[in-house]
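Asker: Here is a sequence with its predicted model. Questions after.
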2 protein chains.
Amino acid sequence: MTDYKVVGKGLPRIDGPAKAMGKAIYTVDVNLPGMLYGKILRSPYPHARILNIDTTAAEQLPGVKFIMTGKDVGDVRYAFVDTPRYPADEHPLAIDKVCYIGDEVAAVAAVSETVAEKALSLIKVEYEILPGVFTVEEAMKPDAPLIHEELLEGTSAWEDWGVAQKKQQREAEINVNNMSGHSAISFGDVEQGFKDSDYVREDKFELKATAHCQMEPHAAVASYDPVEDKLHMWLSTQGIFLKRFLLSKTFKMPIGKIRIHHTFVGGAFGGKIDLFPYEFCAAYMSMKLGQPVKIELEREEVFMATRQRHPMVIKVKTGIKKDGTILAQDIKVIADNGGYRGSGPIVVFLCHGFSFPIYNVPNYRYEGFSIYTNSGIRGPQRGHGAPQIRFSIDSHLDLIARDLGMDSVDIMLKNIRHQGDLLPNGDRLNSCGLKECLEGAAKSIDWENKRMQFKAQPQEGRYKTGVGISLCAMFSGAMYYPFASAAIVKMHDDGTATLFTGAQDIGQGSYTTLSQVLAEELGIGLEDVHLVAGDTELCPIDIGSFLSGTALVTGSAVKLAAADAKRQLLECAVEVLGVDDIGELETQDKRIFVKDDPEKSISFTQAIQTSVFKKGGNPIIGTGSYKGYSETDRYPSLAKCKGLFTGAYGFAAHAAEVEVDILTGKVKLLKAVTYHDCGFSLNKTIVEGQVHGCVSMGAGQAISEEIVLEKGQLFNASFLNYQIPISLETPESVDQLVATYEPTGPFGAKEVGEGALAGILGAIGNAVHDAIGVRVYSLPITPEKVLRALKN
Amino acid sequence: MTDYKVVGKGLPRIDGPAKAMGKAIYTVDVNLPGMLYGKILRSPYPHARILNIDTTAAEQLPGVKFIMTGKDVGDVRYAFVDTPRYPADEHPLAIDKVCYIGDEVAAVAAVSETVAEKALSLIKVEYEILPGVFTVEEAMKPDAPLIHEELLEGTSAWEDWGVAQKKQQREAEINVNNMSGHSAISFGDVEQGFKDSDYVREDKFELKATAHCQMEPHAAVASYDPVEDKLHMWLSTQGIFLKRFLLSKTFKMPIGKIRIHHTFVGGAFGGKIDLFPYEFCAAYMSMKLGQPVKIELEREEVFMATRQRHPMVIKVKTGIKKDGTILAQDIKVIADNGGYRGSGPIVVFLCHGFSFPIYNVPNYRYEGFSIYTNSGIRGPQRGHGAPQIRFSIDSHLDLIARDLGMDSVDIMLKNIRHQGDLLPNGDRLNSCGLKECLEGAAKSIDWENKRMQFKAQPQEGRYKTGVGISLCAMFSGAMYYPFASAAIVKMHDDGTATLFTGAQDIGQGSYTTLSQVLAEELGIGLEDVHLVAGDTELCPIDIGSFLSGTALVTGSAVKLAAADAKRQLLECAVEVLGVDDIGELETQDKRIFVKDDPEKSISFTQAIQTSVFKKGGNPIIGTGSYKGYSETDRYPSLAKCKGLFTGAYGFAAHAAEVEVDILTGKVKLLKAVTYHDCGFSLNKTIVEGQVHGCVSMGAGQAISEEIVLEKGQLFNASFLNYQIPISLETPESVDQLVATYEPTGPFGAKEVGEGALAGILGAIGNAVHDAIGVRVYSLPITPEKVLRALKN
């Protein structure tokens, strides 16, 4: 490992100078000749029928070029989930009803944003206000108003699947109103497990919606070219190929008629995966007008009408032996997905996926529901279910430990999984540093000495401190369209190489790490890599920056492509260097040398020139591809339950030390410890940046962040009152990478961008309990909740 | 052949609509933020020493951002030919002397073209005028002034090669003043051949410089990005990789630090191959300023200071038997390359290459000189030597036929080469339709009945008609950097494909024909091809659009890349379609079917989806490469002389019918017949377009076109007085493609873009003799020359 020249170093980002100098082009920087500006009219009501839309006055405003409503578009549907069981439920613009405040009703294209805004104010919409539901409890009641009644009536797919299932499958529980998704997994005998246990406890936790808070607001530029009949788009997106696929499906246009061009992305965190109405409307209006249309969302719209993390109610029941061995666990998750399905059915499936890889529970039952309410739509957010489920399970285990007078770390250590374990779904853990993470985090936070739990004397004074620990597992990419990544490496005469990758750097640094992988494998410097990325026309397919798959999946594709180019280079050198086989050769610093006699060498340039007479010119072009899921490390025949997750899990342990002001109830994070097993760290600086970002975001969501809703009305859609941690609130931070070697990852690398978040919430929750002696069962742990808990 | 779905059809150009609608971006259309405008100061003297350049006043002009002179740049040299024997002799800006009127002396970058022009007028240059030489005869005289005396003194390379050679090798003839290049080839025993002949004749011909007359003037935009330390260029060029190579070499920058972006090119004809001072200066000033710089040449500058066709003096001496068998030939060529070497040494080598593939001459001697004069620089122009040498040889043969009372077509038929013939240099003619071309052209012009030669009665009246015939051979690409082409084919989910090619469509339609090759080979439609071309960063290497290589060389690379992609697609289908081997499968209309049971089929999309589970996603990416020269069809051991030309020769026979007005001397081309063997015609419309363009350009150069120079001063640098044929002068035209099958070409295709020009000059010359009974030995055949010939 120490022999590596490019990977494993904390090299600066290759896109850093361009970003620092303001030369990096983001979507909002794209300006095309004749470009118009679009704006969206949104519903002011959480649930209402649209009786009429009068656009007459708006149409007459000079400078208005196009006005579109749902009726113009017709019954076009799309969704994050679009399957026979869960058919698409979103329209680009509402047709006859609106389901949340912010729901899109009409769109305008005009010569300026000002004119477009004025036009919005001239559109008259007549609504019939309908009763709304605003919590999952309300929504699930048998007599609750139905938000998507059409899904129970017209849709044959629903009849085939959902309704039949409703009737036959576990009727009592699944027959709930406003259900948008359901997931049930079990193995072993849970009831028997509880019977065999020495102690059984059940807890209920609650988590609120949070916002992604990407620095760059969502934006799209669409430019339809009637000459070539092609739709060109510039988007702030996490996956250009997924977005192209969704546009193609929604517009019923062949994929080849759509090109997504590269722009830089200023943060995404899961909130830029879905197809959004503003993207559809920009494209639709550009296609109607033959002119480019730009739509950039206001910050308020980003909060209100893009995506949020799912609020959840989670029940965990665990049966445990006196020695700390977990015998059985029953988990119930109810996720509120808002006015449309969003990723509801996925998140309630994923909560299971982030539960069972941590502890070896022999008897296990999991059931999750996603439920419609008249709130903003919820979708993936860094961890996508992991923060909620990990907070709940590890808070619950901490409570059990306290009940039993045990050390929660001991219980964790007794039950955690290890390298080589076979998961119930048939996944094999090829690498797992969970034990090292847990032990390291406990030691680093001074668990033995600092925790209050076993101390005889309570703390004196206004400020109480405490420590807590929690764990997390995260996928390194998963099976999700487009399933795999490919890469092309094109050599230049001077020994430098162009990397073609469809990956999108959303700020996480993947352009740099992927370039490092190429440079290392090929034997060139990072400065020798030219990058062509993020363009559907120019780049090979890529899974996109979701589920932390870029390093492992795209990284593997890049490594294979580089190896392919390297092989071709070496083949050119065999004769010149007088060896029998390319196995006798190695590369470094753009030179090829004989391993046993390094003095004998030629430059890449010489090898490429030699190829003129071998191959026809110097077209040394390597290709590689890698699937999001490695079948070789799955044992489906041994699986005890369904679930197809990932080829490699990252693991983390978090420890937190907090200080609680019992006068004000304010929680302060003093120290955050993260021990993360990301396999091999391709770029230390970038990996640490991910960990820092995760800790800050997770701490914010544990302590202060919350989308405040009252009857569907969002009250804090700005950075003035949506409280993300600021730099002054950054705790003392200890980051330790636990080095394992993931055999399916490039140079042993796997996930880092999401798993480092999920554990900090439980660690903080447990630390607060440790500090004040009582539990706060819901996040964020606001001063009010602390004071209420202390009072009870 | 009739089974082809896409190739062989006269399909419209894929870039036609964009060009027709004004959407195609040419270099002059590239406008970048902060862009400056450059202008070049040129020498008003043909030969002078620069004593001083005073830029003080120009520098003080508001809006002037940069002024550069040769002294600033230093002794930077580059050239079309840059070898130890012929070292580079061009500077971006003259340092201490100027060698022709138009030679670059200084460059300015300013906020507008107007300011830049004003600045030029403020630069004061002090010259010492030197005696000039303006014809090759003058220049070769022992006491003539030396234009590049430094090449005889300082340059060690010249000392090593040239001077040594001068002394030792055939001293008497080679020791000439102002020689820039020399080529000598012989085989057999020429003197003995003449002795054995029944008749020997020698003639001398003369050809003037002509202009390319591209519709798009030369232009360059350079934008140096200091953040990435990269030079971005948009150029009107025929070969982006050659241009990048020349820029890299000249600036001593690694190739990877230079990116040439795609722009459309409005005609080139050989005149946009060289590196030009305006390109260097745009790049140099952009690198100094960190701002983009655009330089567009005025039409006058294009005439004066880009390139022209080489004026030549050619002597041909032939010994022939009574029965018409040629026994010996001795050819001498003297080319005037102007003030710098340009392609002088190349053109005098190529004249041989366009001579010996036509007639089987057993005893042969060829010698060519290129000579410096104080005129504009000469370089490649459509045919690059072929029009001059073919005109001379076939005029000469016609004169011999007249002397002997023979039919010149009979002499040609007796001596021409045939398929399978081995050329003296070891090239094998895999395809050769020369006989069919000649017979077809003779029949089409009604040779038997129309020619005056054997008619007893002279024509009456003022207008005399006559017919003539001439032949041509042309390369299909040759060994010239970058030697080979490669292509990448990237499949999309919808079965469409992106073609990455470094080829540059210079107006000849290669984007369309290359896309056709891909579509045919892969089994998709032309509309299913997405094209990414002409960008050094995005595209694989390409030989460039010189020497008519695109169809054969790049076409072969594209065909191989498509076949590679197709193989991968078929492999995905083997299991699904239940066959044992991909050999049992075929593709058509984006479907794969079983050959023996075409009902069994799957779509490309299905096959790509299947690949998810075979290969990792759908990265079906095919690559292919092809060398400019096929070694398999060369027999160097059998070669009788040196010369490495091409893998495949195109052939043509031209017949012309002219009308000469003996009162005014004006020659009118009544009918032009072209029988062209381009192997297989990939696109009939495009091939015919090439033939029409060739005939028009060749006829212009035969009858009216001439760069008029007087002591180095160009007198007709505009379309007002440089007379290219206009549409009203278009003759009745018969184009017949003689179908052969070139085994090294894609679908059997080979050259068409240049060979269809060279023969028309000789055909017209012979027709004029046939009409008026006397010979005009020099081109163009102006009224003055006709009247003078009639008078003598």
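Answerer: Arrived safely, thanks for sending.

Asker: tell me the domain boundaries of chain A?
Answerer: If you go by automatic domain parsing, the domain ranges for chain A are A:16-23+A:484-627, A:31-131+A:214-268+A:272-304, A:312-478+A:634-791.

Asker: among those, which is nearest B:Gln238?
Answerer: Nearest to B:Gln238 among the domains of chain A is domain A:16-23+A:484-627 (17.1 Å), distances taken as C-beta to C-beta. Backbone N, C-alpha and C define where each C-beta goes, glycine included.

Asker: Reformat the domains of chain A as TSV; add mean neighbour count, distance to B:Ala219 and mean pLDDT.
Answerer: Listed next are these as TSV, based on neighbours: other C-beta atoms under 10 Å in any protein chain shown; distance: least, C-beta to C-beta, whole Å; pLDDT from 0 to 100:
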stretch	mean neighbour count	distance to B:Ala219	mean pLDDT
domain A:16-23+A:484-627	23	25	93
domain A:31-131+A:214-268+A:272-304	21	20	96
domain A:312-478+A:634-791	22	42	94
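
Asker: Those domains: which one's closest to chain B?
Answerer: domain A:16-23+A:484-627 (2.3 Å; C-beta to the nearest C-beta).

Asker: Tell me if the closest one is near chain B.
Answerer: Yes - against chain B, domain A:16-23+A:484-627 shows contacts by C-beta under 8 Å from any C-beta of the partner chain at A:17-18, A:21, A:23, A:484-486, A:488, A:490, A:492-494, A:496, A:498, A:528, A:530, A:532, A:537-538, A:540-541, A:543, A:557, A:612, A:615-619, A:621, A:623, A:625-627.

Asker: which residues touch A:Pro482?
Answerer: Going by C-beta atoms under 8 Å, 6 or more residues apart in numbering or on different chains, A:Pro482 touches A:239, A:241-242, A:245, A:541-544, B:493, B:617-618.

Asker: Among these, which lie within helices?
Answerer: A:241-242, A:245 (DSSP state H).

Asker: restrict those residues to those near chain B?
Answerer: When contact is defined as C-beta under 8 Å from any C-beta, those meet chain B at A:Phe245.

Asker: would CSV of the ones in helices among the contacts of A:Pro482 with distance to A:Ser470 be doable?
Answerer: Shown next, in CSV, are these (distance: C-beta to C-beta, whole Å):
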residue, distance to A:Ser470
A:Phe241, 35
A:Leu242, 31
A:Phe245, 36
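
Asker: Name the nearest of the ones in helices among the contacts of A:Pro482 relative to A:Lys671.
Answerer: Closest approach between the ones in helices among the contacts of A:Pro482 and A:Lys671, by C-beta to C-beta: A:Leu242, at 38.6 Å.

Asker: quick one on the thing from earlier: now the domains of chain A in TSV, with distance to B:Glu137?
Answerer: Shown next, in TSV, are those (distance: least, C-beta to C-beta, whole Å):
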stretch	distance to B:Glu137
domain A:16-23+A:484-627	41
domain A:31-131+A:214-268+A:272-304	55
domain A:312-478+A:634-791	69
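
Asker: Looking at these, which is nearest to B:Tyr199?
Answerer: The nearest among the domains of chain A, by C-beta to C-beta, is domain A:16-23+A:484-627 at 46.3 Å.

Asker: Just the endpoints, please. Distance across that closest one?
Answerer: 30 Å (C-alpha to C-alpha, to the nearest Å).

Asker: Skipping adjacent residues, who's closest to the residue lying farthest from the centre of chain A in space?
Answerer: Most distant from the centre of chain A: A:Gly578, at 51.0 Å, with distances by C-alpha atoms, centre = their mean. Distances taken as C-beta to C-beta, 6 or more residues apart in numbering or on different chains place A:Lys600 nearest to A:Gly578, at 7.6 Å, with adjacent residues excluded.
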